[in-house]
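> structure, please.
(one chain, ligands or ions: 1)
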Amino acid sequence: MSAGAVGRAYPRLEGREKVTGTARYAVEYPVDGVTYGWAVPSAVVRGRITRVDPAQALASPGVLAVVHHGNAPRLAPGPEPDLWLLQEPTVHYRGQFIAVVVATSLEAAREGARLVRIDYDAGPHSTVLTDDHPGLYKPDHINPSYPTDTAEGDFDAGYAAAPVRVDVTYRTPAYHNNPMEPHATTAQWHDGRLLVHDSNQGASSVRATLAELFELPRESVRVVTQHVGGGFGSKGYAKAAVVLAALAARHVDRPVRLALTRQQLFGPIGYRTPTIQRVRLAADADGRLTAICHDAISQTSTMREFAEQTAVYTRSMYAAPHRRTTHRLVRLDVPTPFWMRAPGECPGAYALESAMDELAVAVGIDPVELRIRNDTEVDPDQGRPFTSRNLVACLREGAQRFGWADRDPAPRSRRDGHWLVGSGVAGSSYPARARPCSATATARPDGSFLVRINVTDIGTGARTAMWQVAADALGVPPERVAISIGDSDLPTAPVAGGSMGTASWSWAVIRACQALRGKLPEGGSPDRDVSAEADTSDEVGGQPTLPRYAYGAQFAEVRVDATTGEVRLNRMLGVFAAGQVVNPTTARSQLIGGMTMGLSMALHEEGVLDERYGDWVNHDLATYHITGCADVESIEAYWLDERDGELNPAGVKGIGEIGIVGAAAAIANAVHHATGVRIRDLPIRLDKLV
Ligand code: MOS
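Below you'll find the model as predicted:
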């Protein structure tokens, strides 16, 4: 690898298409005879549909069909009950899609949806998470397959014996994934084969799920995912929109376009579960941790178990002889929670990194120094050395860049007119993983190359990053390389998720390119197309299990109006150690994007649930506040030059999620430093401060 494309700030290959509006998203492909679907949500929380009366809707101009449990094509009852849509009259949560109206125009479909009459038998419901809910139980494992609880040493004894103790409980509300592009699909059936243009984070996995639901061989399903306007985890799996569109298209025997509305994203696509987290920390007089306990409570639905791995962050971040983590869950009459940027690590780090700040105050040690003192080269969870751990380097470089040394540790010690000013810090970490992947590389007689791989670019710049990786692996300038992605007919690749896309995909790209080079004449081009393929299943599967993590340090400075309690972010700065950075432009966007989402979590976002309706009352971007440009005055991301030979051929750790981890804690800690008030339930709003 010598051409040197990796590490250079290339603009996105599709950037021009995107800003000129020619990049096609899922419902923007021209399709002959296309019709429009509009999803109909349930109006009750829990119960049964007793009658669907489509007469008025069907009489409305342009309406072709009302598809519901009484007439919908049948689906195989698979392992994903959430996707078993329009199959039975049962309602599991308010907003569950119970019908689709298909019409010749979008407007006609929407009007038809308004005219469908549905009667229900509604029962009582429970939708509010509490720490004393009678339904609390211990799941068998947590997402994706971690043990539910862990224990080492004797936490209770260690905690009782320590001179300094912190026992605090943090609460986070439901957070809703709000990608710019909603979940959207165009579905077409041709001779028993299903073609969908769909907005998702992994076309290979969506194809597998559709094949299973519709009982088709995988070769009979094609999922095209060229451009995606974000997902934040919510599109990491096939979801309602693609299933509804495929059902409706089969029912009317015409192509159907179906995009969820902004309002329909608040629930049915998944969301970050609310959490209740009790953290207990004990330390000696020098601030060395002796006991750590993190007890996490979250919710799932009555359809399916999703157990957020909230306390896994605490298992590996800091060491102590006595440690315990637990997870408890309750099944509520709610939509199933799902992935949202750093599921587990994000809410868990908010709690642990806030508690570390409370410990720093209790023991009288600077919070950067407290973290440095509790650094560990050995993973407390696995008991083996980390492949690389540059938390301390991130903290030191961040402190220096941020100007931390001048900080007076006393709360309320800085004023700027009517503003109270404070600063805070938090650690950050995210696992560096990889999944099996396949790719092919082709050399052509004209000296050009084509790499084919079903990568999904959800806006991250993945297409460009893989093109750079391929050029270096082929040893040619990137201008000679073309890359084809976003289609399930291409070699199978794992989802853009878990911060493991770049690691997994580049592994297969590099192996395919290496294999191709072995087939080519020395220094020349072949006289016909020559291809090579790679499948990394054996290599990835055979990799030793080692603790591999990216690290970061998050710094924030806030100002709080001394009279009104209004909180503003002055500046935020993060330093990360994430292995090789493939493209500095797109990497920086991922990191500051994650940090901005952490700001949003700390100060703005909150799903407000009304138990009378059993649903969130804020179902749009007017009432569900997301950080906007005016909320971000200065935000900077830096990274260390980190080489770790135990990762993958490209040496990358992944950067999609680490930016959000710890960000909310740094801001909450800064608010405490500014005001002397510790808010332990997010978001930090002015009414909680005054
Ligand atoms: Mo991300 S929540 O792993 O798609």
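> what about Gly7, how many residues close to it?
14 (other CB atoms under 10 Å). Heads up, the C-betas are built off the backbone N, CA and C, glycines and all.
> would you confirm that it contacts Val581?
Yes. With contact defined as CB atoms under 8 Å, Gly7 and Val581 form a contacting pair (6.6 Å).
> hey, what's in contact with both of these two?
Counting by CB atoms under 8 Å, 6 or more residues apart in numbering, Gly7 and Val581 have no shared contacts at all.
> so where do the helices sit in the stretch 451-600 of the chain?
Secondary structure of the stretch 451-600 of the chain (DSSP state H, counting those that start in this stretch): helices at 462-474, 501-519, 537-541, 584-603.
> number of nearby residues for whichever residue of the chain sits closest to the ligand?
Residue nearest to the ligand within the chain (CB to the nearest ligand atom): Gly233, separated by 2.5 Å. Gly233 has 26 neighbouring residues, counting by other CB under 10 Å.
> next, the contact list for it, please.
Gly233 neighbours (CB under 8 Å, 6+ apart): 177, 201, 270, 338-341, 343, 497.
> buried deepest among the helices of the stretch 451-600 of the chain, which one?
helix 462-474 (a mean of 26; mean count of other CB atoms under 10 Å).
> does any part of that one sit near the ligand?
No. Judged by CB under 6 Å from any ligand atom, helix 462-474 stays clear of the ligand, getting no closer than 12.2 Å.
> now that helix - C-alpha only, PDB.
Output in PDB follows, covering the C-alpha atoms of helix 462-474 (Å, rounded to 0.1, in the frame of the first residue of the first chain):
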ATOM      1  CA  ALA A 462     -18.200   5.500   2.900                       C
ATOM      2  CA  ARG A 463     -18.200   5.300  -0.900                       C
ATOM      3  CA  THR A 464     -15.200   7.700  -1.000                       C
ATOM      4  CA  ALA A 465     -13.300   6.000   1.800                       C
ATOM      5  CA  MET A 466     -13.600   2.600   0.200                       C
ATOM      6  CA  TRP A 467     -12.400   4.100  -3.100                       C
ATOM      7  CA  GLN A 468      -9.300   5.500  -1.400                       C
ATOM      8  CA  VAL A 469      -8.600   2.100   0.300                       C
ATOM      9  CA  ALA A 470      -9.000   0.300  -3.000                       C
ATOM     10  CA  ALA A 471      -6.600   2.700  -4.800                       C
ATOM     11  CA  ASP A 472      -3.900   2.100  -2.200                       C
ATOM     12  CA  ALA A 473      -4.500  -1.700  -2.100                       C
ATOM     13  CA  LEU A 474      -4.100  -1.700  -6.000                       C
END
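> that one versus helix 501-519: what angle between them?
If you take axes from the mean of the first three to the mean of the last three CA atoms, to 10 degrees, helix 462-474 sits at 30 degrees to helix 501-519.
> so how far is Ala393 from Ala664?
As judged by CB to CB, to the nearest Å, Ala664 and Ala393 stand 23 Å apart.
> sorry, that was for Met597
To Ala393, Met597 is 24 Å away according to CB to CB.
> hmm, back to that, okay, the residue of the chain closest to the ligand: pLDDT?
Looking at Gly233, its pLDDT reads 98.
> for it, pull up the helix or strand it's in.
Assigned by DSSP states H and E, Gly233 falls within no helix or strand.
> can you check the one 10 residues further on too?
Of the helices and strands defined by DSSP H and E, Val243 is found in helix 240-252.
> what sits against the nearest residue to Val31 once chain neighbours are set aside?
Using CB to CB, 6 or more residues apart in numbering and skipping the chain neighbours, the partner closest in space to Val31 is Pro255 (4.7 Å). For Pro255, the contacting residues are 31-35, 186-188, 249, by CB under 8 Å, 6+ apart.
> please redo it, this time with the cut-off set to 6 Å
31, 34, 188, 249 (CB atoms under 6 Å, 6 or more residues apart in numbering).
> next step: these restricted to helices.
Judged by DSSP state H, the subset of those located in helices is Ala249.
> if you rank the contacts of Pro255 by neighbours, which is first?
Ala249 (29 neighbours).
> confidence score at that one?
Looking at Ala249, its pLDDT stands at 98.
> hang on, it packs against Ala187?
Yes. Ala249 lies in contact with Ala187 (CB atoms under 6 Å); the separation is 4.2 Å.
> excluding chain neighbours, what is closest to Thr502?
Using CB to CB, 6+ apart, the nearest residue to Thr502 is Val652, at 5.0 Å.
> ok, now how distant is the one you found from Gly645?
Note on Val652: its distance to Gly645, by CB to CB, is 12 Å.
> how about Pro409?
40 Å.
> again with Met180
Between Met180 and Gly645 the distance is 38 Å, computed by CB to CB.
> swap in Tyr237?
33 Å.
> of these two, which one has the most company?
A count of neighbours by other CB under 10 Å puts Tyr237 above the other of Tyr237 and Gly645, at 20 against 9.
> ignoring the adjacent residues along the chain, who's closest to the more buried one?
Ser205 (6.4 Å).
> can you tell me the SS state at that neighbour?
helix (DSSP: H, G, I helix; E, B strand; the rest coil).
> let me know the next secondary structure element after the helix holding Val243.
strand 256-259.
> could I have stretch 212-227 exported to PDB, CA atoms only?
Included here for stretch 212-227 are C-alpha records, laid out as PDB according to Å, rounded to 0.1, in the frame of the first residue of the first chain:
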ATOM      1  CA  GLU A 212     -37.600 -14.500   4.800                       C
ATOM      2  CA  LEU A 213     -40.900 -12.500   5.200                       C
ATOM      3  CA  PHE A 214     -42.100 -13.100   1.700                       C
ATOM      4  CA  GLU A 215     -40.700 -16.700   1.500                       C
ATOM      5  CA  LEU A 216     -38.600 -16.000  -1.500                       C
ATOM      6  CA  PRO A 217     -35.100 -17.200  -2.400                       C
ATOM      7  CA  ARG A 218     -32.600 -14.400  -1.700                       C
ATOM      8  CA  GLU A 219     -31.800 -14.200  -5.500                       C
ATOM      9  CA  SER A 220     -35.500 -13.200  -6.100                       C
ATOM     10  CA  VAL A 221     -35.100 -10.000  -4.000                       C
ATOM     11  CA  ARG A 222     -33.000  -7.000  -5.000                       C
ATOM     12  CA  VAL A 223     -32.500  -4.000  -2.700                       C
ATOM     13  CA  VAL A 224     -31.000  -0.900  -4.200                       C
ATOM     14  CA  THR A 225     -29.600   1.700  -1.800                       C
ATOM     15  CA  GLN A 226     -27.500   4.200  -3.700                       C
ATOM     16  CA  HIS A 227     -27.900   7.300  -1.500                       C
END
